[in-house]
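Undergrad: Sequence first, then the predicted structure:
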Amino acid sequence: MYKDLIKELLQKSPLEIDLDVKIEGRVPSIASSEFLTNKEQGDWAESVVFNAVNEYSKDYFAVKYGRSDTIAAGDPGFADFYLAYQDELNSIGKRPDLLIYKRADFPSLVVDTDDDEQVSKAVAGIEVRSSAFLANRYSAYMESRQTQSLTNCKSIQAEFVSSGLDKLLEKKNPEIYKLITNANEQTFRDLDFRQPSWSSTEELRQLTSLLKRLKQEITVLHKRDYLSITPKIEDLSLVNRWIQKYNVKHFYLQVFFDKAYVISFKDILTLVSDSDNEEKFFSIERDVKNQGKTTVKINVQVGKEVLGRIDMPNHESVMKELDRGRLLFFVRFSGGKGYLDNEVFTREVINA
């Protein structure tokens with residue numbers, strides 16, 4: 001059974017996930033402009049996926065299921081709303097944003113999402129995440145940056161020989177000398193050495209400068225160069241709690257402003273259970289944008305491109321006036337359209 005497989009993967013996970021976590025915390029007193037913009041962006045992304053499934057899938061349809069309240073910190077009644085949401089997380093877990101149903105099971109396309117039996121009939125639950133990037137532009141930029149850094153590494157490597165400083169380096173530090181002279185295009189990004197600070201002679205200062213330049217290029221090669229799907233560690237147990245109740249397959253779908261990728265919750269857990277995949281296909285970071293919570297950042301290319309194209313939305317500035325007269329300005333998105341790849345959607349979501 002699906003829910004048993006998920007529970008087993010979580011219990012065996014090296015991340016030491018607390019399946020019995022309880023969500024507690026102070027009620028936020030006021031929203032920020034950044035929070036409101038991010039919320040608007042998330043709502044837009046959810047609508048893009050919702051509309052794409054309902055327009056392009058002949059056999060399946062999407063239903064909005066996650067919380068879509070417009071209330072924010074500082075609004076009247078927010079404290080009660082926030083505490084009720086915490087209670088929900090602690091009882092049934094984190095609801096996915098969308099539920100996917102077979103049209104033949106609900107000819108009227110109407111589902112009562114407050115009815116546990118009808119929720120359990122969903123073929124999939126989708127958590128929609130958004131990111132303010134153009135995926136194509138990002139990939140092209142990172143590929144160009146990596147290529148340029150590799151070119152610079154090879155040029156610096158040649159400069160060691162042409163300047164004669166390689167002989168000095170061999171004498172001063174044979175280990176670094178071997179690393180640099182044996183490096184090639186495939187292994188430059190694996191290099192790592194402690195940068196010396198020799199300065200007693202002009203030649204040593206030149207050698208130090210050359211090593212510094214190489215170190216800078218290697219640092220670029222070491223940087224994470226992929227966009228990511230970003231589940232918080234805390235959310236993994238909350239998603240599991242919902243799965244244990246409804247036994248519905250769960251997926252993360254990351255929406256950019258030009259395309260979107262999907263990956264199953266099962267594949268996320270399988271990926272992070274293998275330490276050999278860390279830094280290659282995922283990293284674990286404390287994310288400032290997520291209140292410093294520990295986040296798994298999975299290379300989006302591990303997922304599958306389920307919306308191959310998204311039209312850019314319209315956007316406008318919006319002002320929100322708080323009770324005490326403070327003004328918040330944020331961005332609201334409208335329009336835009338996602339184009340569902342039915343083959344990928346069927347293979348990676350419906351038949352996963």
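TA: The structure has been received and is ready for your questions. Residues are numbered from 1 along each chain as shown.

Undergrad: show me where this protein has strands.
TA: Remark: strands assigned in the chain by DSSP state E are 60-64, 98-102, 124-130, 228-229, 250-255, 260-264, 282-287, 293-299, 304-310, 314-321, 327-334, 338-340.

Undergrad: buried ones in the lengthiest helix in the chain?
TA: In the chain, taking DSSP state H as the definition, the longest helix is helix 135-163. Residues of helix 135-163 classed as buried by neighbour count (16 or more other C-beta atoms under 10 Å): 135, 138-139, 149-150, 152-153, 156-157, 160. Bear in mind the C-beta positions are built from the backbone N, C-alpha and C, glycine included.

Undergrad: ok, of those residues, which one's closest to residue 182?
TA: Among the buried residues of helix 135-163, residue 157 lies closest to residue 182 (C-beta to C-beta), at 10.0 Å.

Undergrad: separation between the residue lying closest to residue 195 once chain neighbours are set aside and residue 322?
TA: Spatial nearest neighbour of residue 195, excluding adjacent residues (C-beta to C-beta, 6 or more residues apart in numbering): residue 215 at 4.9 Å. In this view, residue 215 and residue 322 are 49 Å apart by C-beta to C-beta, to the nearest Å.

Undergrad: likewise residue 263?
TA: Look at residue 263 and residue 322: by C-beta to C-beta, they are 38 Å apart.

Undergrad: Domain ranges for this structure, per the record?
TA: Using automatic domain parsing, the domain parsing of the chain gives 2-133+234-350, 149-222.

Undergrad: how about the protein, which residue sits the furthest from its center?
TA: Here the chain reaches farthest from its C-alpha mean at residue 201, the gap being 48.8 Å by C-alpha atoms, centre = their mean.

Undergrad: separation between that one and residue 207?
TA: 9 Å.

Undergrad: Next: residue 332.
TA: Using C-beta to C-beta, residue 332 is found at 56 Å from residue 207.

Undergrad: The two: which is more packed in?
TA: residue 207 (22 against 16; other C-beta atoms under 10 Å).

Undergrad: Now that one: closest residue in space, sequence neighbours ignored.
TA: Among residues not flanking residue 207 along the chain, residue 165 sits closest, at 4.8 Å (C-beta to C-beta, 6+ apart).

Undergrad: Over to residue 236?
TA: Among residues not flanking residue 236 along the chain, residue 17 sits closest, at 5.3 Å (C-beta to C-beta, 6+ apart).

Undergrad: can you pull the contacts of the one you found?
TA: 10, 233, 236-237, 240 (C-beta atoms under 8 Å, 6 or more residues apart in numbering).

Undergrad: Nearest to residue 271 among these?
TA: Distances from residue 271 to the contacts of residue 17, taken as C-beta to C-beta, are shortest for residue 236 (12.3 Å).

Undergrad: Could you give the number of residues near that closest one?
TA: Residue 236 has 25 nearby residues by other C-beta under 10 Å.

Undergrad: From residue 295, how far off is it?
TA: To residue 295, residue 236 is 11 Å away according to C-beta to C-beta.

Undergrad: Same check on residue 232?
TA: Distance from residue 232 to residue 295, counting by C-beta to C-beta: 5 Å.

Undergrad: out of the two, which sits in the busier spot?
TA: More neighbours surround residue 295 than the other of residue 232 and residue 295, with 21 against 16 (other C-beta under 10 Å).

Undergrad: Pretty sure residue 71 sits against residue 77.
TA: Yes: counting by C-beta atoms under 8 Å, residue 71 does reach residue 77; the two are 6.5 Å apart.

Undergrad: and the two? which has more neighbours close in?
TA: Here residue 71 and residue 77 are set side by side on neighbour count (other C-beta under 10 Å), and the busier one is residue 71, at 14 against 9.

Undergrad: Show me the shaky parts of the stretch 251-352 of the chain.
TA: Of all residues in the stretch 251-352 of the chain, those with pLDDT under 70 make up the ranges 287-292.

Undergrad: repeat that for 50
TA: Within the stretch 251-352 of the chain, the set of residues satisfying pLDDT under 50 is empty.

Undergrad: repeat for the chain
TA: For the chain, no stretch is flagged by pLDDT under 50.

Undergrad: This completes my enquiry, with thanks.
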